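Q: Make a model of this:
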Amino acid sequence: MSSVESIAFSPDGKVIASGSDDDTIKLWDAATGIQLRTLAGHDDSVTSVAFSPDGKTLSSGSWDQTIKLWDLKSGSELRTLTWHSSVVTSIAFSPDGKLLASGSEDKTVKLWEVATGRELRILKDHSRGVTSVTFNPNGRSIASGSKDKTIKIWSTSDDSSQQTLKEHAHEVSSVAYSPDGTLLACGSDDNTECNCN
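A: The predicted structure is shown next:
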């Protein structure tokens, strides 16, 4: 039996996606638990899954250093994004679904255009691997957590790091914005949580 590394609900709450060490993504009916489909194409463990805001596309990141975009109606692979040089640890769609952010052990956050798969920019300021990425609900910034014990806030319109938060004594494992975008929560291996305005 393989470990499940990541799960996500579809925007309408009807489907659950799970990424696994068996290199696949499985889609499940949330109400019945029935397996709907298996998406296969990665060459290594699937570390992160995310639904687009309209629920039509799924993105997956993997130990094989790639990101894949999937059409959920047909189950077909739309494209593969291949420019990370280490495991992709986290992925997130922008609120309008036009952009995709990815974090990697290669210490970078990358911003992609979903419609074309084009890499728009590389955000480089972390000194160790990136563990988690999330968009602010306003779509204008991205937060990233890292093994370097920091959280960085990046503008989606340029390459600058707007702010660096040093709240933890150990690596930051997860970051998430509140629905109104005014608060950022972060979790760490130091057994604490933080909330940042």
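Q: Quick check: A169 touching T150?
A: No - counting by CB atoms under 8 Å, A169 does not reach T150; the two are 11.5 Å apart. All C-beta atoms are positioned from the backbone trio N, CA, C, and that covers glycine.
Q: If you count surrounding residues, which of those two has more?
A: Per other CB atoms under 10 Å, whichever of A169 and T150 has more neighbours is T150, with 21 against 11.
Q: What residue in this protein is the furthest from its centre?
A: T32 (26.5 Å; CA atoms, centre = their mean).
Q: Next one: it from K14, what distance?
A: Per CB to CB, to the nearest Å, T32 is found 10 Å from K14.
Q: coming back round to it: the residue farthest from the centre of the chain: what secondary structure?
A: Following DSSP: H, G, I helix; E, B strand; the rest coil, T32 is assigned to coil.
Q: and what of the one 4 residues further on?
A: Local secondary structure at L36 is given as strand here, using three-state DSSP.
Q: doesn't I25 make contact with it?
A: No - assessed by CB under 8 Å, L36 is found out of contact with I25, at 11.1 Å.
Q: the more surrounded of the two?
A: Taking neighbours as other CB under 10 Å, L36 and I25 compare with I25 leading, 26 against 15.
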